[in-house]
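In: structure, please.
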Amino acid sequence: MPFVNIRILEGHPKERKDEISRRVTDAISELAKVPKEMIWVVFEDIKADDWYVGPTRVSQMKKG
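Out: Here you go, the predicted structure:
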């Protein structure tokens, strides 16, 4: 059973996550030849203060 863990900055609306999940599920189902019901998708909302690109917090990058 495929398990997809998506880490994303917090604040994305449920509708966007629904669409991402649908597209990811469709692609995996088609390519791996597994039923969609066997594919798990989990979103982890990460605060911009807890996400770094190199030494810089994403929250700082957004300001700059």
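In: longest helix in this protein, by residue count?
Out: With secondary structure taken from DSSP state H, the chain has its longest helix at helix 14-32.
In: name the residues of that helix that are buried.
Out: Taking 16 or more other Cβ atoms under 10 Å as the neighbour-count basis, helix 14-32 is seen to contain the buried residues Ile20, Ser21, Thr25, Ile28, Ser29. C-beta: built from backbone N, CA, C; applies to glycine.
In: residue contacts, Tyr52?
Out: For Tyr52, the contact set (Cβ atoms under 8 Å, 6 or more residues apart in numbering) comprises Val58.
In: which one among the buried residues of helix 14-32 gets closest to Ala48?
Out: Using Cβ to Cβ, Ile20 comes nearest to Ala48 of these, at 18.6 Å.
In: the closest one contacts Val4, correct?
Out: No. The criterion here is Cβ atoms under 8 Å, and Ile20 misses it with Val4 at 9.7 Å.
In: what is the neighbour count of the closest residue to Ile20 other than its chain neighbours?
Out: Of all residues not flanking Ile20 in the chain, Ile6 sits nearest, at 6.8 Å (Cβ to Cβ, 6 or more residues apart in numbering). Using other Cβ atoms under 10 Å, Ile6 has 13 neighbouring residues.
In: remind me which helix or strand Ile6 belongs to.
Out: In the assignment (DSSP states H and E), Ile6 maps to strand 3-9.
In: between helix 14-32 and that strand, find me the angle.
Out: Regarding strand 3-9 and helix 14-32, their directions subtend 150 degrees when assessed with axes from the mean of the first three to the mean of the last three Cα atoms, to 10 degrees.
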